[in-house]
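based on what follows, work out the 3D shape:
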Amino acid sequence: MANSLFRKKSLDRIVRDSAEGHSDGHGGGSLTKVLTVRDLTFMGIAAVVGAGIFSTIGTAAYNGGPGISILFVLTAVTCGFSALCYAEFASRVPIAGSAYTYAYVAFGEVIAWIIGWALILEYAIGNIVVAIAWSGYFNNLLLGFGIHLPGWLLMDPGTAKTAFESAQATLTQGGVLGEAAKAAISTWNSAPLIGGLHVFLNIPAFFIVCIISWITYIGIRESKKTTNMMVVFKIGVVILVIVLGFFFVKTANWTPFLPNGFSGVLKGVSAVFYAYIGFDAISTTAEECRDAQRDLPKGMIYSLIICTILYILIALVLTGMVNYKELMVTDPLAFVFNRVNQRWIGYFISASAVVATTSVLLVFQLGQPRIWMSMSRDGLLPKAFGKIHKKYHTPWFSTIITGIIVAVPSLFMGTELMQSLTSIGTLFAFVLVSWGVLVLPRTEKTGGKGFRLPYVSGRYIVPAVYLAFILLFKDRLAGDLTNLRSDGLQELLFLVFSLLATCFTIATIIRKYSVIPVLGVLFCAYLLIEIPAIAWKWFFVWMGIGLLVYFSYGRRKSQLSRDKML
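Just a heads-up that it's a prediction; the model follows:
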């Protein structure tokens, strides 16, 4: 049974499938090689500059204060390690397939299934957050035209209840209510009641997902020219915000820089890493690059550098314009300008954010069905998921299912849990891709100038990093070991990471592993354990469902299983 669970796709098999037009299950024959370094860089920026910079950065700043800029640097370094590992795979597995295919090559079928199932969180569930962000900016745009939608049609019940209870607590303590608190009470009291429960539905988020799903169903595709134009537009807006916001910065708002300590900064891991969710989407374009082995690594690194600089500057401007405690909003960029009485800028940002987040929504609503299509053609999902519409040439069934999975929860789900779940899916993929580089067969070669990770022995560097980790977290490690509670999932995750770090350090000393993939695994794994425990519980439930599907269907129906029987 173990052999069947970890059966792998050989590189020869993948190259042969690609030559025959299967493209690892993506079908449609060979793809046109048109993407250059500039196109790949713009594509990376297009995927990264979206709901993260227009929405979730507010949550991160609320938790970490001005010091959230440090977390952007840490996240960028982590993504940089993963980017190089993705580039290594893109060179040695030169077809479209992303982390799902890479895991199939490196670890075997069951791990590929797990990562494919996790990618559903990254692409589909992540779009729930994008849709909610879109709703916030769309409402702000409507307000600019004097259109006021009822508050109960614009938010989820959890957010509404939290805001109402916070406002009530302020009143109880004799505090003065601000405009937001007054609006929270009014919204709660005006919401219709059904069975004694207040009804709250995010209708704009629901409808934008339905519209985008319909567009992807009929087969719209963004050309590289359109993508590049969108990137120029997005960057222009972000730079405008940075330049104009600089004139309203009060340096007093940057003090204290770490109001909640470094632990407060780490609470923003989910929100900050969510900003980089689209980074790995670049790896799916390998077959459309003029020279994937040369250009793909450059495009990944360039886009990461540009986006990181923009995120750091935006974080400093936001926390400098207003106190960080005011940034727990869905539209922070527009909010800060409204706060300094520059509403015209806020409306412009809202209009820009509507366009920007719509493009991100479209990209990922196109991507998710194709992951399912790939898994279906490998036999791991029913054939319906791989069916192509005769007229529109799209995976129509997968597109419909994706639309339902995103649209329905966007009606009533909050963003915080969705961000965390999405970040788990993304980081999980990054861990396996970095780890996978270490287990790829050394004898496998590809033609041309194939990109290879520069080998830097980790024999001394990794132990030094490990020692620094132990010294920095010795108190937490000792506390978790002596006071581990039965419900202490967060503590248990930290101990598991510590064990993983110990094993990797020992293995690196013995086998002289390269430092880049090892640090990629450890950095991503550390960010994983900082994600709230509640998100991990839901992630385990999701993985449990996924494994149930695999063992009841995928393992028996796998294409590799059928090939073996033949």
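
enumerate every residue touching residue 534.
Neighbouring residues of residue 534 by Cβ atoms under 8 Å, 6 or more residues apart in numbering: 417, 420. Backbone N, C-alpha and C define where each C-beta goes, glycine included.

check which helix or strand covers it.
Element membership for residue 534, per DSSP states H and E: helix 533-549.

check which residues of the helix or strand just after that helix are buried.
Using DSSP H and E, the helix or strand that follows helix 533-549 in sequence is helix 555-557. Across helix 555-557, burial judged by 16 or more other Cβ atoms under 10 Å covers 555, 557.

and helix 555-557, what other elements does it pack with?
If contacts are counted by 3 or more Cβ pairs under 8 Å, 6 or more residues apart in numbering; DSSP states H and E, helix 555-557 sits against no helix or strand.

for the remainder of this discussion, apply numbering that starts at 56.
From this message on, residue numbering opens at 56, which makes the last subject helix 610-612.

regarding this protein, what is its longest helix?
Using DSSP state H, we find that the single longest helix of the chain is helix 398-432.

what about stretch 101-115, start to end distance?
End-to-end distance of stretch 101-115 (Cα to Cα, to the nearest Å): 21 Å.

strands along the stretch 206-355 of the chain, start to end?
248-249, 252-253 (DSSP state E, counting those that start in this stretch).

can you list the neighbours in contact with the last one?
Taking Cβ under 8 Å, 6+ apart as the criterion, the residues outside strand 252-253 that touch it are 207, 212, 215, 216, 243, 246, 247.

what about the stretch 56-205 of the chain, any weak spots by pLDDT?
The stretch 56-205 of the chain contains residues with pLDDT under 70 at 56-59, 64, 66-89, 105-107, 110, 146, 148-153.

quick check: buried residues in stretch 407-426?
Those would be 407-409, 411-426, for stretch 407-426 by 16+ other Cβ under 10 Å.

and that stretch, average pLDDT?
The predicted model assigns stretch 407-426 a mean pLDDT of 77.

may I have it as CSV, with CA atoms only?
Coordinates of each C-alpha in stretch 407-426 appear next as CSV, following Å, rounded to 0.1, in the frame of the first residue of the first chain:
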residue,chain,number,x,y,z
SER,A,407,-9.0,51.9,-8.4
ALA,A,408,-9.3,49.2,-5.8
VAL,A,409,-12.5,48.0,-7.5
VAL,A,410,-10.7,47.5,-10.8
ALA,A,411,-7.5,46.1,-9.1
THR,A,412,-9.3,43.5,-7.0
THR,A,413,-11.6,42.6,-9.9
SER,A,414,-8.6,41.6,-12.0
VAL,A,415,-7.2,39.5,-9.1
LEU,A,416,-10.5,37.8,-8.6
LEU,A,417,-10.6,37.0,-12.3
VAL,A,418,-7.1,35.6,-12.4
PHE,A,419,-7.7,33.2,-9.5
GLN,A,420,-11.2,32.2,-10.6
LEU,A,421,-9.5,31.1,-13.8
GLY,A,422,-6.7,29.3,-12.0
GLN,A,423,-8.6,27.2,-9.5
PRO,A,424,-10.7,25.2,-12.0
ARG,A,425,-7.6,24.3,-14.0
ILE,A,426,-6.0,22.8,-10.9
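
which residues does the closest residue in space to residue 207 that isn't next to it in sequence contact?
Spatially, and ignoring its direct neighbours in sequence, residue 207 is nearest to residue 246 (3.9 Å; Cβ to Cβ, 6 or more residues apart in numbering). Residue 246 makes contacts with 206, 207, 215, 253, 254, 255, as judged by Cβ under 8 Å, 6+ apart.

please pick the buried ones from those.
206, 207, 215, 253, 255.

in helices, which of the contacts of strand 252-253 appear?
Secondary structure from DSSP H places 212, 215, 216, 243 of the contacts of strand 252-253 in helices.

only the buried subset of those, as a ChimeraX command please.
Per 16+ other Cβ under 10 Å, the buried members of the ones in helices among the contacts of strand 252-253 correspond to this ChimeraX selection:
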select :212,215,216,243
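
what's the closest of the ones in helices among the contacts of strand 252-253 to residue 495?
Among the ones in helices among the contacts of strand 252-253, residue 212 lies closest to residue 495 (Cβ to Cβ), at 47.4 Å.

you'd agree that closest one is up against residue 243?
No - taking Cβ atoms under 8 Å as the definition, residue 212 is not a contact partner of residue 243, at 10.0 Å.

what's the end-to-end length of stretch 331-349?
22 Å.

state the mean pLDDT of it.
Average pLDDT, stretch 331-349: 67.
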